[in-house]
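*Asks:* Take a look and give me a structure for this.
(one chain, ligands or ions: 2)
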Amino acid sequence: MKMKEYLDVLPEIQQALDSNKPVVALESTILSHGMPYPENVSFAAEVEKVVRAEGAVPATTALIDGRVKVGLTPAELEVMCKAENVGKVSRRDMATYLAVKKTGATTVATTMICAAMAGIKVFATGGIGGVHRHGESTMDVSADLQELKQTPVAVVCAGAKQILDIGRTLEYLETMGVPVLGNGTSDFPAFYCRKSGFGVDHAAKDEAEIAKIIKTKWELDLQGGVLIGNPIPEEYALDFDYMEGVINQALAEADEKGIRGKDITPFLLARVKEITHGVSFASNVQLAYNNARVAAKIAKALCAIS
Ligand code: PSU
Ligand code: MN
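*Replies:* Ligands and ions are numbered 1, 2, ... in the order given. As a prediction, this is how the structure comes out:
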């Protein structure tokens, strides 16, 4: 297949895939556009360690010099963390970046595409994109949601940030036929907070049950992914009303500055961090580790039943 001509999979990852060993995909937008340098360097190394500690192989994805990279070397991770001339690549941008050899970080949507190309079934992120507040008039709906509809990768997240309209995000996922599971909870989490005020479709009791649901969906030939909401550990959770105030302030500033489109999510993430004086950053890091751990367990459980 022509597609493979664009793809570089690190040998360790290819060997794991060939021998039915667990692999977990990780995104690079969280590094390039979601976290500051150099804090993102230690995060990038640590999140891979968390995956390894569970017995799975990490596969961070990115587009570098016209190649789809599945698994990054330490030097490539550094490039993504420094983020000099590193774009944010969504599905629409992929062909352009590869054809003209630009370097870009993969969002949830694009990481799913790269993972599927390599045959990776499970992916851990922080929070997914979704329907933005006032999305009913701006039509700003993250491509992440469409990707979950069509690409067969299970995505473990801590829910969606309150910068989004979480209710409409879940409505959209329902319309697109994406199962939304809670890992040991009936609440869909809101990133920094364990609850969003909205529920999941099914409170799964553990990773083995989640793996069984994923396998069943794919055996039925139902297209697309599965979304797993994994709440932030209690000790790192922030107060919902406090975060609502912070986010409203950041949204008002984005509005004043006229920030739109693909720049809105990175702007809001950076402002939230500044307004909370970095407290939210510690939570962000911890929830991502927690997702990596759970994704590795799901990947292991999937290998055990396939
Ligand atoms: N939400 C976060 N942190 C992030 C992102 C979202 O809390 O880093 C990133 C992810 O890569 C996600 C992307 O896929 O932003 C969504 O961007 P947009 O809303 O432009 O689709
Ligand atoms: Mn958007």
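*Asks:* Give the burial count for the residue nearest to residue 262 when sequence neighbours are not counted, as a bare number.
*Replies:* On the basis of C-beta to C-beta, 6 or more residues apart in numbering, the spatially nearest residue to residue 262 that is not a chain neighbour turns out to be residue 88, at 5.8 Å. C-beta: built from backbone N, CA, C; applies to glycine. Residue 88 sits with 20 neighbouring residues when counted by other C-beta atoms under 10 Å.
*Asks:* Please name the bridge partners of residue 88.
*Replies:* Judged by DSSP bridges, the bridge partners of residue 88 are residue 105.
*Asks:* Quick check: it touching residue 32?
*Replies:* Yes. Contact criterion C-beta atoms under 8 Å: residue 88 and residue 32 qualify, at 7.2 Å.
*Asks:* anything in contact with each of the two?
*Replies:* When contacts are counted by C-beta atoms under 8 Å, 6 or more residues apart in numbering, residue 88 and residue 32 are jointly contacted by residue 105.
*Asks:* need the next SSE after the helix or strand that contains residue 218, C-terminal direction.
*Replies:* Secondary structure assignment for residue 218, by DSSP states H and E: helix 207-219. Sequence order places strand 226-229 as the next helix or strand after helix 207-219, per DSSP H and E.
*Asks:* buried residues in that next one?
*Replies:* Of the residues in strand 226-229, 226, 227, 228, 229 count as buried by neighbour count, 16 or more other C-beta atoms under 10 Å.
*Asks:* I'd like the residues you listed as JSON lines, with pLDDT appended.
*Replies:* Conversion of the buried residues of strand 226-229 to JSON lines gives the following (pLDDT from 0 to 100):
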{"residue": "226", "pLDDT": "99"}
{"residue": "227", "pLDDT": "99"}
{"residue": "228", "pLDDT": "99"}
{"residue": "229", "pLDDT": "98"}
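*Asks:* which one of those is nearest residue 57?
*Replies:* If you rank the buried residues of strand 226-229 by distance to residue 57 using C-beta to C-beta, residue 228 comes first, at 19.4 Å.
*Asks:* if I pick that closest one, what's in contact with it?
*Replies:* Shown in contact with residue 228 (C-beta under 8 Å, 6+ apart): 154, 155, 156, 157, 181, 182, 183, 204, 210, 294, 298.
*Asks:* between these, which is closest to ligand 1?
*Replies:* Relative to ligand 1, the closest of these is residue 157; by C-beta to the nearest ligand atom it sits at 8.7 Å.
*Asks:* Tell me the confidence at that closest one?
*Replies:* At residue 157, the predicted lDDT confidence score is 98.
*Asks:* swap in residue 278?
*Replies:* 85.
*Asks:* Ramachandran angles for the residue sitting nearest the centre point of the chain?
*Replies:* Per C-alpha atoms, centre = their mean, the C-alpha nearest to the average position across the chain is that of residue 125, at 3.0 Å. Note on residue 125: backbone dihedrals following degrees, to the nearest 10 are phi -130, psi -170.
*Asks:* hmm, back to that, show me what the helix holding residue 218 is packed up against.
*Replies:* strand 180-183, strand 202-204, strand 226-229, helix 279-304 (3 or more C-beta pairs under 8 Å, 6 or more residues apart in numbering; DSSP states H and E).
*Asks:* what lines up beside the third one in the sheet?
*Replies:* Just to be clear, that refers to strand 226-229. Sheet pairing for strand 226-229, using DSSP bridges, gives strand 154-157 (parallel), strand 180-183 (parallel).
*Asks:* Pull up the residues of the stretch 201-306 of the chain that are close to ligand 1.
*Replies:* 262, 265, 269 (C-beta under 6 Å from any ligand atom).
*Asks:* can you tell me which helix or strand the last one belongs to?
*Replies:* So that's residue 269. When secondary structure is defined using DSSP H and E, the element that contains residue 269 is helix 264-275.
*Asks:* what comes into contact with that helix?
*Replies:* Contacts made with helix 264-275 from outside it, assessed by C-beta under 8 Å, 6+ apart, are listed as 33-34, 36, 88, 129, 132, 140, 142, 161, 163, 243, 246-247, 249-251, 253-254, 257, 259, 280-281, 284.
*Asks:* now the residues of the stretch 201-306 of the chain next to ligand 1 in CSV, with pLDDT?
*Replies:* Below are these laid out as CSV (pLDDT from 0 to 100):
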residue, pLDDT
262, 92
265, 90
269, 87
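*Asks:* contacting residues for residue 226?
*Replies:* Shown here is residue 226, whose contacts under the criterion C-beta under 8 Å, 6+ apart are 154, 155, 178, 179, 181, 210, 213, 214, 217.
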